[in-house]
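J.: Requesting a structural model of the entry that follows:
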Amino acid sequence: MNRLRAFVPLLILIAIGVAVGASGVLQNLSPHHVMAEQANWLRYIAAHPGLAYVVYVVVLTLSVATAMPGPLFIIIAGGMLFGMGPAIGLSLVGEVLGSLLLFFAARHAFGAGKRPPPKFVERVRQGYQANPVSYTLFLRFVPLFPFGGVTVALAWLRCPVWLFTFATALGGLIMLVFETAIGAGLGQSIAEGQGISTDLLLEPHIWLPLVGLGLLALIPVLLRKLRSGTPSD
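T.: Next up, the predicted model:
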């Protein structure tokens, strides 16, 4: 009974994510929909900037905390509506807060070190304990790993809160620069009167951030090549 009770916070977050996903609310945050409603949303933000900032941070926090697949759309929408500087700051706050909520819920469920991890992660756990900083930064910096999955894994691996927060903020900031730039580029193109088409991908302020994300995704491949090329002692 106590073990089941420990999973309640994590189950609540999962239930919220499932409910929000099933409601179809995330469709309103797709780049195509934001493009169509950008003028109306910008007028609302200009009239109520403080409220708009709070709503954005809360929405992104809940999205990250529930491990929903929508944070990328929300971050791109933030770039379109708030611009690079404000959007990166707001997104970083929401991302860190949401990650900490999920982290503490997962750590509570797994006993914060009181319960042994499953056998299939024991080898990973041993490697993590030998190099916790390197493992944590690597998992947070490489975009191939699901953000929510990494958060739960780090909680399971007993990652210190300070290291988790630092890696999430630093790794998240790097990713947010590229993701927000995509949104800001889309917003700039619409403001210049360009229509919604595949031609937008040819704009430098769109394809350059995409290339940056692609290069980040190649980090594991480059590391494997470097390791394979290192002579063994």
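
J.: Would you confirm that I74 contacts L29?
T.: Yes. Between I74 and L29 there is a contact under C-beta atoms under 8 Å: 5.4 Å. Just so you know, the C-beta spots here come from the backbone N, C-alpha and C atoms, and that holds for glycine as well.

J.: joint contacts of these two?
T.: Common neighbours of I74 and L29 are listed as V59 (criterion: C-beta atoms under 8 Å, 6 or more residues apart in numbering).

J.: Just want to know which of the two has more residues nearby.
T.: I74 (23 against 20; other C-beta atoms under 10 Å).

J.: residues contacting that one?
T.: Residues near I74 by C-beta under 8 Å, 6+ apart: 29, 56, 59-60, 63, 91.

J.: ok, 6 Å please
T.: For I74, the contacting residues are 29, 60, 63, by C-beta atoms under 6 Å, 6 or more residues apart in numbering.

J.: just P71 next, same as before
T.: Neighbouring residues of P71 by C-beta under 6 Å, 6+ apart: 63-64.

J.: how near is it to V161?
T.: For P71, the distance to V161 equals 21 Å [C-beta to C-beta, to the nearest Å].

J.: and if you look at Y56?
T.: 25 Å.

J.: cool, and I182?
T.: Distance of I182 to V161, computed by C-beta to C-beta: 31 Å.

J.: Counting neighbours, go ahead and name the busier of those two.
T.: A count of neighbours by other C-beta under 10 Å puts I182 above the other of I182 and V161, at 23 against 12.
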